[in-house]
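*Asks:* make a model of this:
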Amino acid sequence: MFREVVSPGPPRRGDQSSADRIRDVALKTFAVHGTEATSLRMIAESAGVSIGLVQHHFRTKGNLITAVDEYVMAVLGQSLASPLPETPTDPVSAVAQRVTELVSNHAHVIDYMCRAVVDCTPMGVRVFDGLVDIGRGHWDQLAEQGLVRPGLDPDWVALNPMVLVLGIFIVRPHLDRHLPDGFTSPVQLDRWQKATDVLIRSGQIVAPEPNADGG
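*Replies:* This next block holds a predicted model:
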């Protein structure tokens, strides 16, 4: 799952090699056209390099797909998988902030992830199961802290928020027609985060007890 690849993380933009740049172009192209419909020649042309250089770094399209998949898993793991703070003052916002930063910084990763999930590819299964695993871990931690509303279904307490967020990502192109700005603009991401926070907080969270000193 995601935790297996958190440590390496994605390379910093300024440190990218030609292989990293080709991988990033492949990520964007696969997200739009799918892996089956994308050839190495398409990727080479989009990257502005020769097909020979693509083959030099990755040899086959299968190897390039694997490199993209591992990069996506690393980004998702680095963004989402770490445990919540031991005593979060607002656990919903703590998770939501991670998600909005992921959307802001890695929109193409989100697009690739959504296509894989919708197409139910092996990568899509891996991503979906990894997101469920992360969600369960967060909600188990909150339950141990007494912050989960009693009487909720133990499976759906983790699945519902994940499906809510993933569904938003999948229909994002349609949402853009109904918002003043694109969904990934800072203003719209902030609106979405606040609206989703209220929905989840009111349905699944018990407000943390104030500290003895009133903090």
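
*Asks:* mind giving me the domain split of this protein?
*Replies:* Taking automatic domain parsing as the reference, the chain has its domains at 1-80, 83-206.

*Asks:* can you put those domains in TSV and add mean pLDDT?
*Replies:* Conversion of the domains of the chain to TSV gives the following (pLDDT from 0 to 100):
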stretch	mean pLDDT
domain 1-80	85
domain 83-206	91
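
*Asks:* just send these back as CSV, with mean neighbour count too.
*Replies:* Where you see a C-beta, it was placed from the backbone N, CA and C, and this is true even at glycine. Shown next, in CSV, are the domains of the chain (neighbours: other CB atoms under 10 Å):
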stretch, mean neighbour count
domain 1-80, 17
domain 83-206, 16
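
*Asks:* helix, strand or coil for residue 36?
*Replies:* Each residue gets one of three states, and residue 36 gets coil by DSSP: H, G, I helix; E, B strand; the rest coil.

*Asks:* and it, what are its phi and psi?
*Replies:* phi -70, psi -40 (degrees, to the nearest 10).

*Asks:* state the distance from it to residue 139.
*Replies:* When CB to CB, to the nearest Å is applied, the distance between residue 36 and residue 139 equals 36 Å.

*Asks:* quick one, phi/psi of residue 148?
*Replies:* For residue 148, the backbone dihedrals are phi -100, psi 130 (criterion: degrees, to the nearest 10).

*Asks:* next: residue 120.
*Replies:* In terms of degrees, to the nearest 10, the main-chain angles of residue 120 are phi 50, psi 40.

*Asks:* what of residue 171?
*Replies:* Comment: the main-chain dihedrals of residue 171 come out as phi -100, psi 10, following degrees, to the nearest 10.

*Asks:* mind listing residues that contact whichever helix or strand residue 108 is part of?
*Replies:* Assigned by DSSP states H and E, residue 108 belongs to helix 107-119. Surrounding helix 107-119, the residues in contact under the criterion CB atoms under 8 Å, 6 or more residues apart in numbering are 24, 27-28, 30-32, 34, 68, 71-72, 75-76, 102-103, 123-124, 127-128, 166, 169-170, 172, 184.

*Asks:* now swap in stretch 120-132 and tell me
*Replies:* With CB under 8 Å, 6+ apart as the contact definition, stretch 120-132 has outside contacts at 1-2, 35, 69, 72-73, 76-77, 80, 113, 115-118, 158-159, 162, 166.
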